[in-house]
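1. Pasting the sequence and the predicted model now:
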Number of protein chains: 2
Amino acid sequence: MEPRKRPGRAPAPAGRTARPRQAEVARLAGVSQATVSLVLSPKPDGKGRIISEETRRRVLEAARSLGYVPDPAARRLAAARNNLLGVFSFTATFPTDVQHSYYPFLVGVEREAAALGYDLVLFTGSSTGGAGAAGPDALSRVRLADGCLFIGRHTPRTELKRLVEDGFPVVHLGRREELEGVAWVGAGYVEATRDVVGHLAELGHRRIVLVREDDDAPASADRQRGFLEGLEAAGLPSGPATVFRSADPQRDLTPERLRAWADEGVTAFVAEETDTGAAWRGLLSAVREAGLDCPAEVSLALLGSPPADLASEPVPTGFDIPRPQLGAAAVRLLAALVAGEEAPEPLVGCVFRPGPTTGPPHARTERP
Amino acid sequence: MEPRKRPGRAPAPAGRTARPRQAEVARLAGVSQATVSLVLSPKPDGKGRIISEETRRRVLEAARSLGYVPDPAARRLAAARNNLLGVFSFTATFPTDVQHSYYPFLVGVEREAAALGYDLVLFTGSSTGGAGAAGPDALSRVRLADGCLFIGRHTPRTELKRLVEDGFPVVHLGRREELEGVAWVGAGYVEATRDVVGHLAELGHRRIVLVREDDDAPASADRQRGFLEGLEAAGLPSGPATVFRSADPQRDLTPERLRAWADEGVTAFVAEETDTGAAWRGLLSAVREAGLDCPAEVSLALLGSPPADLASEPVPTGFDIPRPQLGAAAVRLLAALVAGEEAPEPLVGCVFRPGPTTGPPHARTERP
DNA sequence: CGCATTAGGTAATACGCATTAACGGGAGAG
DNA sequence: CTCTCCCGTTAATGCGTATTACCTAATGCG
């Protein structure tokens, strides 16, 4: 009697020249598939040495002559790990508007991922309403990776926390302490800002004003904290009066305001860097309109890098945010979480950048 | 007696909250794993309707509440799609040197991928020698995705052909006709260049010279072809004498050479765009040194976009390569291949860009 | 020479999902 | 009431690798 056909997937149709499998290699070399696997995927620790040199040679020869290449899908399935790290930004990863581009971060992300043996999955997230469309479960898709990196301000907290609670490795690029349990990497704004203030104090400035936007982002708060700490460390008067906060610095920061400060003895200003660069732009134009000379009459410092469209102007004193390094650090942290290892340092230092916009304070000549 | 332990792979260590599998979803929904699979991978033909609406709802609900997402590796292994498109560049995708950045293409790639419901896998290629390092199977990793987009000049032909032969969907961004069977998308340089020549001819120029580098890239060949076609179409004398080809235009294109041409009655020059922009730079500096006024005495056109560092100069007449559209077209083509549909048009048109560097020819005053 | 040990290798799994033959139950037919 | 047939669901497989318990022959030791 004919053996009853059992259920299951239909066997492959034995298509033309299918890629060789370990099984074929094994047959040709006269060994078992397991041996082939052992030969072709050497373990870092010398444990793989169980295979004799002779057999090893035969297998390698067979593999080469058949042109064997491992199937990544099978490999990753067996390893129970995809070697994929997700990158999720809440705007397009490659925005048309370069101003808001995460490009500099991605430079570091890619490099470090490559170094650690991971590939990157770009989730075409909220971008064009495509794959994940909107929907609360849009974020679910990231689970296909071993872990995911989040970039951007407008993070759906609920969904993110959900991922974390489920034990899914998540790293946020940029400080995110309010989100309990979410790992993050950030720039050391506090220290860097303190350094800039220290630099000004050393030059002899006694009254310094911070210009910031009306933003509650941690990056802004950190700079303000560093600013105040810097003042105190230098024994200078601090307090709310030294911070100018405005939702629209380019409008509120008038030349008159600037002159008033100057009359009060303020000789230096620092502005925070933001997406728009509004604080710095406002400060620059006010100084220009007020007819003040920099650095002769006022010293200016920027807590970050100047906007791209101001590239032609001299690069001001301040500090550089090491964006590629930040990206790399994020990847390292994420990889550590995925591997269950201990988390490395989340803060990346910013480097002080000397520039032509600061100098010793100048006893201002009275204006009529 | 203790049941003897059988050989085989050790079971997963039941780590914390492992990612949910279809099995978990099935348990929660009170059905079998097979049912979950049937519900979650809808077949295009109505055959999938075997599952009752009630069961389907329960499964979907369970999957959503667990945040289930299919494992791409397992899906691939089971010969199904995983909605991932690979992107493989032979240099870093995000190079530090912006000159060689593929960023503009990726803008379109990402947008189109999102629109078509695909996520992107960035294979951290030959960049840092990390993940894939070199090796013949460096390219093999891309098989994890449903198909892969290749960007860059230095394409390992052998490995690429291997992928194609194995029936793996591959698209090369940039013309690649020498690689038999490799699908590609490219810009319509021929037509665009013809248009530029036509524009000059209409202005009244009778003698035009093309400045190109000593490069055999299809992009260069196409421009030359379009140039010659443009001349013929305008009834102007063509021939090798109208093409200046140099490995180092910035050295070989001397002011003297330029004046000689001018004396011969050449009134317009077009230069190709390349990575380095050498042809255009050479042309510009020669014109400047020769003391020729543009566009009064010579008309200049650039077959592409000016290098980034010349952004401050006026944008010359020429054409724009619609890089985002090229990226999008590549993705559309790739998606078509994956779906087994017919391939769309591989050529993307360039748009003519009027500019201040061309004008009517000028009867040149003799110089002493 | 008997037994423990080592070297070299193999058989049997597991990984997560898609597929399909088979199965159970209810409806309709006879 | 029994027999088909249709529906919905499940059990059993396969995909290609990695891992591991176990087996066999050769070797070491007293």
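-> Received, thanks.
2. Give the residue spans of chain A that score low on pLDDT.
-> A:1-4, A:12-17, A:44-49, A:90-101, A:124-137, A:153-154, A:363-368 (pLDDT under 70).
3. what does the domain assignment say about it?
-> A:22-79, A:84-187+A:325-351, A:189-320 (automatic domain parsing).
4. Save those domains as JSON lines, and put in distance to DNA strand D and mean neighbour count too.
-> (Glycine included, C-beta is placed from N, CA and C.) Formatted as JSON lines, the domains of chain A follow (distance: least, CB to the nearest atom of the strand, whole Å; neighbours: other CB atoms under 10 Å in any protein chain shown):
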{"stretch": "domain A:22-79", "distance to DNA strand D": "3", "mean neighbour count": "16"}
{"stretch": "domain A:84-187+A:325-351", "distance to DNA strand D": "13", "mean neighbour count": "20"}
{"stretch": "domain A:189-320", "distance to DNA strand D": "40", "mean neighbour count": "19"}
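5. Format those domains as CSV; extra columns: distance to residue B:66.
-> Shown next, in CSV, are those (distance: least, CB to CB, whole Å):
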stretch, distance to residue B:66
domain A:22-79, 20
domain A:84-187+A:325-351, 9
domain A:189-320, 32
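6. Excluding chain neighbours, give the residue nearest to the spatially most central residue of chain A in space.
-> Compute the mean C-alpha point of chain A, and by CA atoms, centre = their mean the closest residue is residue A:327, 3.4 Å away. Residue nearest to residue A:327 in three dimensions, not counting chain neighbours: residue A:108, with 3.1 Å by CB to CB, 6 or more residues apart in numbering or on different chains.
7. ok so the one you found is a strand residue?
-> No - using DSSP: H, G, I helix; E, B strand; the rest coil, the assignment for residue A:108 is helix, not a strand.
8. I'd like the distance between it and residue A:149.
-> 11 Å (CB to CB, to the nearest Å).
9. which neighbours do those two share?
-> By CB atoms under 8 Å, 6 or more residues apart in numbering or on different chains, residue A:108 and residue A:149 have these common neighbours: A:330, A:331.
10. ranges for the strands of chain A?
-> A:84-89, A:119-123, A:147-151, A:170-173, A:183-187, A:208-213, A:243-246, A:268-272, A:299-303, A:317-320, A:347-348, A:351-353 (DSSP state E).
11. Please identify which of these is closest to chain B.
-> strand A:119-123 (4.0 Å; CB to the nearest CB).
12. Tell me if I'm right that the residue nearest to residue A:327 and residue A:321 touch.
-> No - counting by CB atoms under 8 Å, residue A:321 is not a contact partner of residue A:108; they are 11.5 Å apart.
13. so which of the domains of chain A gets nearest residue A:10?
-> domain A:22-79 (18.6 Å; CB to CB).
14. what about that closest one, distance to the chain center?
-> 39 Å (CA atoms, centre = their mean, to the nearest Å).
15. so how far is the first residue of that domain from its last?
-> 16 Å (CA to CA, to the nearest Å).
16. Please see if that domain touches chain B.
-> Yes - where contact is defined by CB under 8 Å from any CB of the partner chain, part of domain A:22-79 touches chain B, namely A:67, A:69, A:70, A:71, A:72, A:73, A:74, A:76, A:77, A:78.
17. Which members of those residues occur in helices, if any?
-> A:72, A:73, A:74, A:76, A:77, A:78 (DSSP state H).
18. Quick check: the gap between the residue nearest to residue A:327 and residue B:41.
-> 37 Å.
19. related to what we said a few turns ago, from the residues of domain A:22-79 next to chain B, which is closest to residue A:261?
-> residue A:76 (60.9 Å).
20. ok, the residue nearest to that closest one when sequence neighbours are not counted to residue A:70 distance?
-> Leaving out its chain neighbours, the residue that sits closest to residue A:76 by CB to CB, 6+ apart is residue B:73, at 3.9 Å. Distance of residue B:73 to residue A:70, given as CB to CB: 12 Å.
21. How about residue A:140?
-> 30 Å.
22. Can you find the residue of chain A that comes nearest to DNA strand D?
-> residue A:8 (2.8 Å; CB to the nearest atom of the strand).
23. For burial, what's the neighbour tally of that residue?
-> 6 (other CB atoms under 10 Å in any protein chain shown).
24. picking that back up, now render the ones in helices among the residues of domain A:22-79 next to chain B as a markdown table, adding distance to residue A:358.
-> What follows is those, written out as a markdown table (distance: CB to CB, whole Å):
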| residue | distance to residue A:358 |
| --- | --- |
| A:72 | 54 |
| A:73 | 57 |
| A:74 | 60 |
| A:76 | 53 |
| A:77 | 58 |
| A:78 | 59 |
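25. interface residues of the stretch 201-350 of chain A facing chain B?
-> A:312, A:324, A:340.
26. between the strands of chain A, which gets nearest to DNA strand C?
-> strand A:84-89 (13.6 Å).
27. which helices and strands does that closest one pack with?
-> helix A:103-116, strand A:119-123, strand A:147-151, helix A:323-339 (3 or more CB pairs under 8 Å, 6 or more residues apart in numbering or on different chains; DSSP states H and E).
28. Please name the strands paired to the third one in the sheet, noting orientation.
-> Spelled out, it's strand A:147-151. Looking at strand A:147-151 with DSSP bridges, its partner strands are strand A:84-89 (parallel), strand A:170-173 (parallel).
29. I'd like these as TSV, with distance to residue B:274 appended.
-> Below are the strands paired with strand A:147-151 laid out as TSV (distance: least, CB to CB, whole Å):
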stretch	distance to residue B:274
strand A:84-89	31
strand A:170-173	35
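30. Of all residues in the stretch 51-200 of chain A, which one is closest to DNA strand C?
-> residue A:55 (3.3 Å).
31. which residues sit in contact with the nearest residue to that residue once chain neighbours are set aside?
-> The shortest distance from residue A:55 to any non-neighbouring residue, by CB to CB, 6+ apart, is to residue A:31 (6.2 Å). Remark: with contacts taken as CB under 8 Å, 6+ apart, residue A:31 is in contact with A:55, A:58, A:59.
32. try residue A:72
-> By CB under 8 Å, 6+ apart, the residues touching residue A:72 are B:73, B:140, B:141, B:142, B:143, B:144.
33. What is the nearest of those residues to residue A:214?
-> residue B:144 (46.1 Å).
34. From residue B:288, how far off is the closest residue to chain B within the stretch 201-350 of chain A?
-> In the stretch 201-350 of chain A, the residue that lies nearest chain B is residue A:312 (7.0 Å; CB to the nearest CB). Using CB to CB, residue A:312 is found at 20 Å from residue B:288.
35. Pretty sure residue A:361 sits against residue A:208.
-> No - using CB under 8 Å, residue A:361 is not in contact with residue A:208, being 9.9 Å away.
36. So for those two, which residues contact both of them?
-> Common neighbours of residue A:361 and residue A:208 are listed as A:267, A:268 (criterion: CB under 8 Å, 6+ apart).
37. how far does stretch A:342-354 stretch from start to finish?
-> Using CA to CA, the two ends of stretch A:342-354 sit 36 Å apart.
38. which outside residues touch that stretch?
-> A:183-189, A:191-192, A:195-196, A:199, A:315, A:317-322, A:325-326, A:329, A:332-333, A:336-337.
39. same thing but at 6 Å, please
-> A:185, A:187-188, A:192, A:195, A:318-322, A:325-326, A:329, A:332-333, A:336 (CB atoms under 6 Å, 6 or more residues apart in numbering or on different chains).
40. Please state the backbone phi and psi of residue A:51?
-> Main-chain dihedrals, residue A:51, degrees, to the nearest 10: phi -80, psi 130.
41. In contact with it, which residues?
-> A:38, A:39.
42. who in chain A is up against DNA strand C?
-> Proximity of chain A to DNA strand C, by CB under 7 Å from any atom of the strand, involves residues A:4-10, A:31-35, A:38, A:49-52, A:54-55, A:74, A:77-78, A:80.
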